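[1] After the sequence you'll find the predicted model.
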Amino acid sequence: MIRVCEIRRRVGEPEAVIKEKAARKCGLKSLGFEISEWKISRESIDARNKRDINFVYNVDFTVAMLNGGEKGKISERQETELVKRINMRSKNVRLSVVSGAEAEATRGLETSEAEAGASERQATIAAGLEPMNVRRAAPRPVIAGFGPCGMFAALILAEHGLKPLVLERGKPVEERIVDVERFWKNGVLDPESNVQFGEGGAGTFSDGKLTTGISNHRVGKVLKEFALAGGGEDLLYKAKPHIGTDVLRIVVKNIREKIISLGGGVSFQHRMTGVGTEGGVLRHVMASSPEGSIIIPAEQLILALGHSARDSFKILFDAGLSMSRKPFSIGLRIEHPQDLIDAAQYGEGFTEFYGMTPRAAGLPAAEYKLSHRCKDGRGVYTFCMCPGGRVIAASSSEGLIVSNGMSDRKRDSGFANSAVLVDVRVDDFPTEDPLAGVEFQEKFEKLAFAAGGGDYSLPYESVGALMEGSGSLLAACLPDFAVRNIREGLPVFGKKLKGFDGQDVRLYGVETRSSSPVRIVRSEELEANIKGIYPGGEGAGYAGGIVSAAVDGIRIAEEIIQLY
């Protein structure tokens, strides 16, 4: 396969021009060749010039001799020579040859020979015939939590025949949806089945962003599994892929079923209540279940708890697990009409200039990412932006309220929202206790609960009301430094994105769970001070989103696989 980059398609041009422009950029016709097969390997949008907005592509293709049909296909050696020839004769084109495996990993969902062999091996495992290199007497690895970290740790372990057992305190996604919808409608909170707890973790009720700041070869595995599970092939080439909460509910169920088909187990409404150790080594895991308390022999326990499992943090701390305080952020969630964000990012006169709306032109609901360094040295920034989404109440504990954002796949609600957050430092915590950050979060979530009327409604007010200074409802729900820095940051953001700080723009309180306030200490081998326990993902303080948490789960699974 040959890869060409920077193929630009203007707004209004049909997708068919991608192939034509790729061939023209490479000068294939003058060399006696044509593109025979092609696929997009990456797609992004360049909207810097509002009067010349472009889709930008990397394209992978094969070539054949003009009018040569099947007989005109060339060999890999000839393909390599052609690439060298084109690169030498043009300074504006830089082609590269990509292997079939690389192209397949970044483009499509076809099954390679290696994967076909793996599927055959997995079928053998599912039938109960374990590979010879797996120690039969070993207890099954136990995973606490079935968010992205626990899910992908379980998948990798299952693919290697280790038959993991997942303990998820919440319910399967089908039942969880019912509980969450009842909470939003009637204010009836189930502390074990809510926006934070249940199949898929907090990410199930989110925008489902699959962008990440980490550079790791395991990211491709994560995206591909999400795509195979129903997330869509575009996850493999979009510059900013996202699934959407409606599709995520299907995806997480399909991954669960795949894990079970490979010999793994997923036990819902099973909450870890303790660990048994001997000489600093894990011996068993204790859990509550619908049938009562149970004890599970275990040599490995993966802690994939999520950042809201505060009771589990306390249990593990009391059991002797080393923990430390960790910085996080606190703030509010802001909501705008999506049209305002589209106008700011694509240009106010877009429809008049292009003769169609941004959506009709194939452009996604526009996004933004804003930041500012305040006078006191703290950062204020937008986080978890949800285009075409809605603000949701995301409580998991009685008497506390927290806000979040959520979008469907189409991002077509007509509104955009994001968190506006301020840095929280460990020196801001009330004590030096490793769990002091949890106490800090709960203080302001309790204040917000009261401000919202005590019925799990989110407290809200306008930007104008917050900026006035006196009598602000939301200012009373935040630490003084956060209020001061948000007031400093909003006008700055308004200069960067017109209308962002409009007087009537609505703010919701409070946003406290952007990341965990705790870090569970682990070694280079990803193991805690208690041998056999592997802390991972967002809850343990080692990830900051769906993809990074999933990658961390894969890394832990690989460490355990090496033991066998």
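    Structure received. Numbers count the residues shown, from 1 in each chain.
[2] Please count neighbours and contacts with C-alpha atoms only from this point.
    Noted.
[3] Let me see the confidence value for Ser44.
    Predicted confidence (pLDDT) for Ser44: 96.
[4] next one: the one 3 residues further on
    Reported pLDDT at Ala47 in the predicted model: 95.
[5] Ramachandran coordinates for it?
    Ala47 has phi and psi values of phi -110, psi 30 when expressed as degrees, to the nearest 10.
[6] begin at 21 from here
    Let's use 21 as the start, then, which means that last one is Ala67.
[7] which residues sit in contact with it?
    Counting by Cα atoms under 8 Å, 6 or more residues apart in numbering, Ala67 makes contact with 73-74, 365-366.
[8] what's the most distant pair in those residues?
    The most widely separated members of the contacts of Ala67, counting by Cα to Cα, are Asn74 and Gln365 (13.0 Å).
[9] Could you give the number of residues near Gly519?
    Neighbourhood size, Gly519 [other Cα atoms under 10 Å]: 18.
[10] Out of the contacts of Ala67, which is nearest to Val512?
    Gln365 (16.4 Å).
[11] domain parsing for this structure?
    22-127, 159-345+540-582, 348-531 (automatic domain parsing).
[12] Least confident of those domains, on average?
    Least confidently modelled of the domains of the chain is domain 22-127, at a mean of 88 by mean pLDDT.
[13] All the helices of the stretch 421-570 of the chain, residue numbers only.
    Per DSSP state H, counting those that start in this stretch, the stretch 421-570 of the chain carries helices over the ranges 456-471, 483-488, 500-516, 566-582.
[14] typo on my end, the stretch 171-320 of the chain
    Taking DSSP H, counting those that start in this stretch as the criterion, the stretch 171-320 of the chain carries its helices at 193-206, 238-246, 265-281.
[15] which stretch among those helices comes nearest Cys404?
    Among the helices of the stretch 171-320 of the chain, the nearest to Cys404 by Cα to Cα is helix 265-281 (13.7 Å).
[16] hang on, the earlier thing: quick one, which of the helices of the stretch 421-570 of the chain gets closest to Pro317.
    helix 566-582 (16.2 Å).
[17] The closest one: which residues count as buried?
    566-577, 580 (16 or more other Cα atoms under 10 Å).
[18] can you tell me which strand in the protein is longest?
    Taking DSSP state E as the criterion, the chain has its longest strand at strand 53-66.
[19] Summarise which helices and strands that one is packed against.
    helix 37-46, strand 74-85, helix 120-127 (3 or more Cα pairs under 8 Å, 6 or more residues apart in numbering; DSSP states H and E).
[20] now these as a markdown table including mean neighbour count and distance to Val271?
    Shown next, in a markdown table, are these (neighbours: other Cα atoms under 10 Å; distance: least, Cα to Cα, whole Å):
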| stretch | mean neighbour count | distance to Val271 |
| --- | --- | --- |
| helix 37-46 | 18 | 30 |
| strand 74-85 | 21 | 27 |
| helix 120-127 | 16 | 19 |
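[21] re earlier: same list (the buried residues of helix 566-582) but as CSV, adding distance to Thr293.
    Below are the buried residues of helix 566-582 laid out as CSV (distance: Cα to Cα, whole Å):
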residue, distance to Thr293
Ile566, 25
Val567, 28
Ser568, 26
Ala569, 23
Ala570, 24
Val571, 26
Asp572, 23
Gly573, 21
Ile574, 24
Arg575, 25
Ile576, 22
Ala577, 22
Ile580, 23
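[22] Just name the closest of those residues to Arg44, please.
    Using Cα to Cα, Val567 comes nearest to Arg44 of the buried residues of helix 566-582, at 36.6 Å.
[23] burial count for the nearest residue to the closest one once chain neighbours are set aside?
    Leaving aside its sequence neighbours, Val567 sits nearest to Leu230 (Cα to Cα, 6 or more residues apart in numbering; 5.7 Å). Residues lying near Leu230 (other Cα under 10 Å) number 21.
[24] For Leu230, give its distance to Ala569.
    11 Å (Cα to Cα, to the nearest Å).
[25] How about Cys169?
    Cys169 is 5 Å from Ala569, by Cα to Cα.
[26] for Glu195, same thing?
    If you go by Cα to Cα, the gap between Glu195 and Ala569 works out to 24 Å.
[27] Just give the nearest non-adjacent residue to the residue positioned nearest the centre of the chain, would you?
    Among the residues of the chain, Ile566 comes closest to the average C-alpha position under Cα atoms, centre = their mean, at 2.6 Å. Leaving aside its sequence neighbours, Ile566 sits nearest to Pro168 (Cα to Cα, 6+ apart; 5.9 Å).
[28] quick one: contacts for the one you found?
    With contact set as Cα under 8 Å, 6+ apart, Pro168 has these partners: 220-221, 223, 557, 566-567, 569-570, 573.
[29] Please apply the same query to Ala307.
    Ala307 makes contact with 290-294, 313-316, according to Cα under 8 Å, 6+ apart.
[30] How about Ser332?
    292-293, 325 are the contacts of Ser332 under Cα under 8 Å, 6+ apart.
[31] Just among these, which is most surrounded?
    With neighbours defined as other Cα under 10 Å, the most crowded of the contacts of Ser332 is Leu325; it has 28 neighbours.
[32] Mutual contacts of Cys169 and Ala569, please.
    By Cα under 8 Å, 6+ apart, Cys169 and Ala569 have these common neighbours: 556-557.
[33] returning to what we had before: what's in contact with the longest strand of the chain?
    Residues outside strand 53-66 that contact it (Cα under 8 Å, 6+ apart) are 39, 43, 48, 73-86, 123, 126-127, 256-260.
[34] can you give me the angle that strand makes with strand 74-85?
    Here the directions of strand 53-66 and strand 74-85 differ by 170 degrees (axes from the mean of the first three to the mean of the last three Cα atoms, to 10 degrees).
[35] Report the distance from strand 53-66 to the chain centre.
    Counting by Cα atoms, centre = their mean, to the nearest Å, strand 53-66 is centred 26 Å from the centre of its parent chain.
[36] can you tell me the distance between the two ends of stretch 417-427?
    Stretch 417-427 has an end-to-end distance of 23 Å (criterion: Cα to Cα).
[37] In it, which residues are buried?
    Buried residues in stretch 417-427, counted by 16+ other Cα under 10 Å: 417, 419-427.
[38] tell me the contacts of Ala560?
    323-327, 536, 538-540.
[39] please redo it, this time with the cut-off set to 10 Å
    323-327, 333, 343, 346, 535-542, 554, 569 (Cα atoms under 10 Å, 6 or more residues apart in numbering).
[40] Provide a ChimeraX selection command restricted to the buried entries of the contacts of Ala307.
    Buried subset of the contacts of Ala307, written as a ChimeraX selection, criterion 16+ other Cα under 10 Å:
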select :290,291,292,293,294,316
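[41] any chance of the contacts of Ala307 in TSV, plus distance to Pro511?
    Formatted as TSV, the contacts of Ala307 follow (distance: Cα to Cα, whole Å):
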residue	distance to Pro511
His290	47
Arg291	45
Met292	46
Thr293	47
Gly294	48
Ser313	54
Ile314	55
Ile315	56
Ile316	55
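[42] Among the contacts of Ala307, which lie within strands?
    Among these, DSSP E puts 291-294, 313-316 in strands.
[43] Could you report the separation of Leu248 from Lys241?
    Where Lys241 is concerned, Leu248 sits at a distance of 10 Å (Cα to Cα).
[44] Ok, Ser391 next?
    Ser391 sits 31 Å away from Lys241, going by Cα to Cα.
[45] For stretch 463-475, list the C-alpha coordinates in CSV.
    Below are the C-alpha coordinates for stretch 463-475, written out as CSV (Å, rounded to 0.1, in the frame of the first residue of the first chain):
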residue,chain,number,x,y,z
LYS,A,463,-17.5,19.4,50.8
PHE,A,464,-18.4,21.2,47.6
GLU,A,465,-20.7,18.5,46.2
LYS,A,466,-22.7,18.8,49.5
LEU,A,467,-22.9,22.6,49.1
ALA,A,468,-24.1,22.2,45.5
PHE,A,469,-26.7,19.6,46.5
ALA,A,470,-28.2,22.1,49.0
ALA,A,471,-28.0,25.0,46.5
GLY,A,472,-29.9,22.8,43.9
GLY,A,473,-32.8,22.3,46.3
GLY,A,474,-31.8,19.0,47.9
ASP,A,475,-33.5,16.9,45.2
